[in-house]
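In: got a sequence here, can you build the structure:
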Amino acid sequence: MRWRLSGVPGRQSRAGLGIARKRPSGPAAWLLRLPLVLYEHDLGWLLGHRFVEVTHRGRRSGQLHRSVVEVARFDPRTHEVIVVSAWQGRTDWYRNIQAQAALQIRTGHLRFTPAQRLLSPEETWREMESYVCRNPLALRLMPWLFAIDMRAPNDTVRAAAMDFFKGVSFRPREAIPLSRGTDRRERGSPATRSGGARTTLCAPP
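Out: Numbers count the residues shown, from 1 in each chain. Purely as a prediction, here's the structure:
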């Protein structure tokens with residue numbers, strides 16, 4: 001069994017999106033590795049539902065791997081976990097689950113065999129938009145990590161994100177009893193937006 005980081009080096013995309021050409025080093029690399037270390041020592045529950053451990057089988061080697069990925073959205077009612085692969089889905093874990101569905105999901109105190117569904121580009125964009133608008137720190141880090149200019153017109157950001165990110169949904173194959181306090185933790189699906197287009201990401205219409 002091998003644990004993996006969830007990222008890979010990138011390249012320049014057609015959408016004008018600048019992508020890191022090598023893995024982060026120094027303090028940034030340590031911070032990115034911290035969730036992986038916690039899961040390796042069975043302490044991933046300390047991260048709540050902000051991260052998920054995905055167990056998958058290598059598409060060529062057939063070996064089992066575990067990757068720790070940040071969660072874009074967790075639904076406490078259905079226990080659905082939404083995660084996103086960067087670099088146009090060229091990460092190893094995403095390629096592996098395309099070849100064979102993920103074998104196990106672990107997040108917080110939950111562990112389940114998932115029913116997996118790959119999201120459409122439009123669904124992935126809605127999830128990413130909702131995620132960064134709910135998380136101001138993620139909004140500030142996006143230009144540093146992926147060189148996405150959040151000051152650009154919304155259509156430009158949308159086109160870049162739909163090209164760069166690939167989303168996937170994991171739901172338990174069998175129902176899991178709801179925990180107490182679910183209503184207080186409810187996040188639900190990304191809000192339905194109406195009333196006209198916005199000029200920039202997270203700006204009101």
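In: report the longest strand in the chain, please.
Out: Ranked by residue count and defined by DSSP state E, the top strand of the chain is strand 64-75.
In: so, low pLDDT: which residues of this structure?
Out: Counting by pLDDT under 70, the chain has low-confidence residues at 1-32, 149-151, 178-201, 203-205.
In: all strands of it, in order?
Out: Under the criterion DSSP E, the chain contains strands at 2-4, 51-57, 64-75, 80-85, 104-107, 110-112, 114-118, 166-172.
In: would you format the ones you listed as TSV with distance to Val132 included?
Out: Where C-beta positions appear, they are placed from N, C-alpha and C, glycine not excepted. Putting the strands of the chain into TSV (distance: least, C-beta to C-beta, whole Å) gives the following:
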stretch	distance to Val132
strand 2-4	24
strand 51-57	17
strand 64-75	9
strand 80-85	11
strand 104-107	20
strand 110-112	24
strand 114-118	21
strand 166-172	13
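In: how about the longest strand of the chain: buried residues?
Out: Neighbour-count burial for strand 64-75 flags 65-75 (criterion: 16 or more other C-beta atoms under 10 Å).
In: output it as CSV, restricted to C-alpha atoms.
Out: Output of strand 64-75 as CSV, limited to C-alpha atoms (Å, rounded to 0.1, in the frame of the first residue of the first chain):
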residue,chain,number,x,y,z
LEU,A,64,-3.3,-0.2,-4.1
HIS,A,65,-2.6,3.5,-3.5
ARG,A,66,-4.0,6.0,-1.1
SER,A,67,-4.1,9.7,-2.0
VAL,A,68,-5.2,12.5,0.3
VAL,A,69,-7.1,15.2,-1.4
GLU,A,70,-8.8,18.4,-0.2
VAL,A,71,-12.6,18.3,-0.2
ALA,A,72,-14.4,20.9,-2.2
ARG,A,73,-17.7,20.1,-0.5
PHE,A,74,-19.0,17.6,2.0
ASP,A,75,-22.8,17.0,2.4
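In: between that strand and strand 51-57, how many degrees?
Out: 140 degrees (axes from the mean of the first three to the mean of the last three C-alpha atoms, to 10 degrees).
In: measure the residue found closest to Arg95 once you drop the neighbours it is linked to in the chain to Trp93 for me?
Out: In this structure, Arg95 finds its nearest non-sequential neighbour in Arg59, 6.1 Å apart by C-beta to C-beta, 6 or more residues apart in numbering. Note on Arg59: its distance to Trp93, by C-beta to C-beta, to the nearest Å, is 10 Å.
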